[in-house]
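K.L.:
Any chance you could fold what I've pasted below:
(2 chains)
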There are 2 protein chains.
Amino acid sequence: MPTQKVAPDSSRRSQSARRAILTAALDLASELGYAKLSIEGIASAAGVGKQTIYRWWPSKGALLFDAFLTLTTEGQDVGEAALPDTGDLAADLKTVLRATVEELNDPRYDLPMRALHIEVVHDPALAAAYQERLDGPLRELKKERLRAARRAGQLAEDVDLDVAVDLLFGPILNRWLQRTGPLTAEYVDQVVDTALRGLRPTPPAG
Amino acid sequence: MPTQKVAPDSSRRSQSARRAILTAALDLASELGYAKLSIEGIASAAGVGKQTIYRWWPSKGALLFDAFLTLTTEGQDVGEAALPDTGDLAADLKTVLRATVEELNDPRYDLPMRALHIEVVHDPALAAAYQERLDGPLRELKKERLRAARRAGQLAEDVDLDVAVDLLFGPILNRWLQRTGPLTAEYVDQVVDTALRGLRPTPPAG
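P.N.:
From the prediction side, this is the model:
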């Protein structure tokens, strides 16, 4: 393009191409899995040239991450998706984790989310972006819910909140990633109940 | 080969080629990471033809998994690598997990282990083999140590042992895979102490 100034029409076309590319990336990742996902395939499905994609994203992983972030947080700021707070910490955690498990068990999400995690494991730069833009803000929301529980006397004062988040949310992610067992509501409840037993203040004499 | 019968020399040559291939696969995975690891590169480093590799392994992932399993359990049966039992469950778990963390922080192990995990996340067949041949037997050893702790009154009767293993060993794996924070001895100790608080029998009145 010979000029820096972008006409409104061109900007709108860019926006719509960008959206078509992101949608195609996520759709094809669901359909094919990460290994078979290619920039060529995405370009063809989105009706754009490969060069258009390479101009905006340095790699397949970066594109997929962007697709994931844009389309799954659609219409809402990640920072606004607070955890429920009914006053019952165990019940609230079970609600959130059961919903997570349903999503992970849905084939439409399974493959693209695996693809994203593969890139995070593989690529330190993408892992840093994932921390900064997605996992970090979500972790902050989880810690916020735990802080409220602590103020309500439901969490021990000396528990490290990052360790608490790891104990509560890590096992489900692991079981899904490594396929070590079925992801059921029953498993969610066991993890929450067992972890919370360790996170609560020491109970009075029974 | 025109005959089914294999002469001792040929069998020895096969063995030595097999070993050269496995060693090259692990060395190159350490050096290059998984994305850049190729069958061509492994064949060339091992001094064999690509066809020799494809005759024995269906994929890069299957070869790497075999390399990992053969060379890291060298000389010992996985089923024999029992966890230490000094009678102090917390201390024994910290010993094991601190050693794990040292290994994960070692660049020689980091890349090939990431490569293996990427394949496990990506490939359901490899995940099943990983469960059957490596993760499953190791999990059984962990549960064996927890059963001994339960017999000694150090673990609550109603705790599900798989959930206990997930709470104790999962957070370290996650933090490493997703690079969510530094893998330190201090983190290990916090995870073990916090998880065990939830796994122990309810303490008597304090």
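K.L.:
could you pull out the helices for chain A?
P.N.:
Remark: helices assigned in chain A by DSSP state H are A:8-32, A:39-46, A:50-56, A:60-72, A:89-104, A:107-122, A:124-130, A:136-151, A:161-178, A:185-199.
K.L.:
is chain B contacted by the helix or strand of chain A with the lowest mean pLDDT?
P.N.:
Taking mean pLDDT, DSSP states H and E as the measure, helix A:60-72 is the helix or strand of chain A with the lowest mean score, a mean of 82. No - using Cβ under 8 Å from any Cβ of the partner chain, helix A:60-72 never reaches chain B; the gap is at least 9.7 Å. All C-beta atoms are positioned from the backbone trio N, CA, C, and that covers glycine.
K.L.:
close enough to count as contact, A:A152 and A:G87?
P.N.:
Yes - contact criterion Cβ atoms under 8 Å: A:A152 and A:G87 qualify, at 7.0 Å.
K.L.:
what sits up against stretch A:42-56?
P.N.:
Here stretch A:42-56 makes contact (Cβ atoms under 8 Å, 6 or more residues apart in numbering or on different chains) with A:A17, A:R18, A:A20, A:I21, A:T23, A:A24, A:A25, A:D27, A:L28, A:I39, A:E40, A:L63.
K.L.:
now the last one: how far from chain B?
P.N.:
Going from A:L63 to chain B by Cβ to the nearest Cβ, to the nearest Å gives 16 Å.
K.L.:
check contacts around that residue.
P.N.:
Per Cβ under 8 Å, 6+ apart, neighbours of A:L63: A:I21, A:L22, A:A25, A:I39, A:I42, A:I53, A:W56, A:W57.
K.L.:
So is stretch A:122-135 next to chain B?
P.N.:
Yes - Stretch A:122-135 comes into contact with chain B (Cβ under 8 Å from any Cβ), by way of A:H122, A:P124, A:A127, A:A128, A:Y130, A:Q131, A:D135.
K.L.:
Tell me the predicted confidence for A:H117.
P.N.:
Note on A:H117: pLDDT of 87.
K.L.:
and if you look at A:L141?
P.N.:
As predicted, A:L141 sits at a pLDDT of 93.
K.L.:
Also the one 4 residues further on?
P.N.:
At A:R145, the pLDDT value in this model is 95.
K.L.:
What sits closest to it if chain neighbours are left out?
P.N.:
A:L83 (4.0 Å; Cβ to Cβ, 6 or more residues apart in numbering or on different chains).
K.L.:
Ok, A:A195 next?
P.N.:
Of all residues not flanking A:A195 in the chain, A:L167 sits nearest, at 4.4 Å (Cβ to Cβ, 6+ apart).
K.L.:
cool, and A:G61?
P.N.:
Going by Cβ to Cβ, 6+ apart, A:G61 has A:E119 as its nearest residue, at 3.6 Å.
K.L.:
I'd say that neighbour and A:A125 touch.
P.N.:
No - when contacts are counted by Cβ under 8 Å, A:E119 is not listed as touching A:A125 (9.9 Å).
K.L.:
Who has more neighbours out of the two?
P.N.:
The neighbour comparison of A:E119 against A:A125 (other Cβ atoms under 10 Å in any protein chain shown) goes to A:E119, with 24 against 12.
K.L.:
Contacts only, for that one.
P.N.:
Per Cβ under 8 Å, 6+ apart, neighbours of A:E119: A:Y34, A:G61, A:L64, A:F65, A:L126.
K.L.:
what about 10 Å?
P.N.:
Applying Cβ atoms under 10 Å, 6 or more residues apart in numbering or on different chains, we find A:E119 in contact with A:34, A:59-65, A:68, A:125-127, A:129-130, B:118.
K.L.:
Of those, just say which sits nearest to B:Y187.
P.N.:
Nearest to B:Y187 out of these is A:A127 (Cβ to Cβ; 17.3 Å).
K.L.:
which residues does A:D92 contact?
P.N.:
A:L83, A:P84, A:D85, A:T86, A:R145, A:A148, A:A149, A:V192.
K.L.:
tell me the least confident of those residues?
P.N.:
Least confident of those in the model: A:L83, at 89.
K.L.:
In terms of residue numbering, what are the domains of chain A?
P.N.:
As given by automatic domain parsing, the domain ranges for chain A are A:8-59, A:78-199.
K.L.:
and the ones you listed, which is most packed in?
P.N.:
Sort the domains of chain A by mean neighbour count, taking mean count of other Cβ atoms under 10 Å in any protein chain shown, and domain A:78-199 sits at the top with a mean of 18.
K.L.:
roughly how far out does that one sit from the chain middle?
P.N.:
Domain A:78-199 sits 10 Å away from the centroid of its parent chain (Cα atoms, centre = their mean, to the nearest Å).
K.L.:
quick one: contacts of stretch A:139-153?
P.N.:
If you take Cβ under 10 Å, 6+ apart as the criterion, stretch A:139-153 is touched by A:78-85, A:87-90, A:92-93, A:96, A:131, A:154-157, A:159, A:161-162, A:164-166, A:168-169, A:196, A:199-201, B:180.
K.L.:
Mind exporting the C-alpha coordinates of it to PDB?
P.N.:
In PDB, the C-alpha atoms belonging to stretch A:139-153 read as follows (Å, rounded to 0.1, in the frame of the first residue of the first chain):
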ATOM      1  CA  ARG A 139      -5.800 -16.600  37.500                       C
ATOM      2  CA  GLU A 140      -6.300 -13.200  39.000                       C
ATOM      3  CA  LEU A 141     -10.100 -13.700  39.000                       C
ATOM      4  CA  LYS A 142      -9.700 -17.100  40.700                       C
ATOM      5  CA  LYS A 143      -7.400 -15.500  43.300                       C
ATOM      6  CA  GLU A 144     -10.000 -12.800  43.800                       C
ATOM      7  CA  ARG A 145     -12.700 -15.400  44.600                       C
ATOM      8  CA  LEU A 146     -10.200 -17.100  47.000                       C
ATOM      9  CA  ARG A 147      -9.500 -13.800  48.700                       C
ATOM     10  CA  ALA A 148     -13.200 -13.200  49.300                       C
ATOM     11  CA  ALA A 149     -13.400 -16.700  50.800                       C
ATOM     12  CA  ARG A 150     -10.400 -15.900  53.100                       C
ATOM     13  CA  ARG A 151     -12.200 -12.700  54.300                       C
ATOM     14  CA  ALA A 152     -15.200 -14.900  55.100                       C
ATOM     15  CA  GLY A 153     -13.000 -17.200  57.100                       C
END
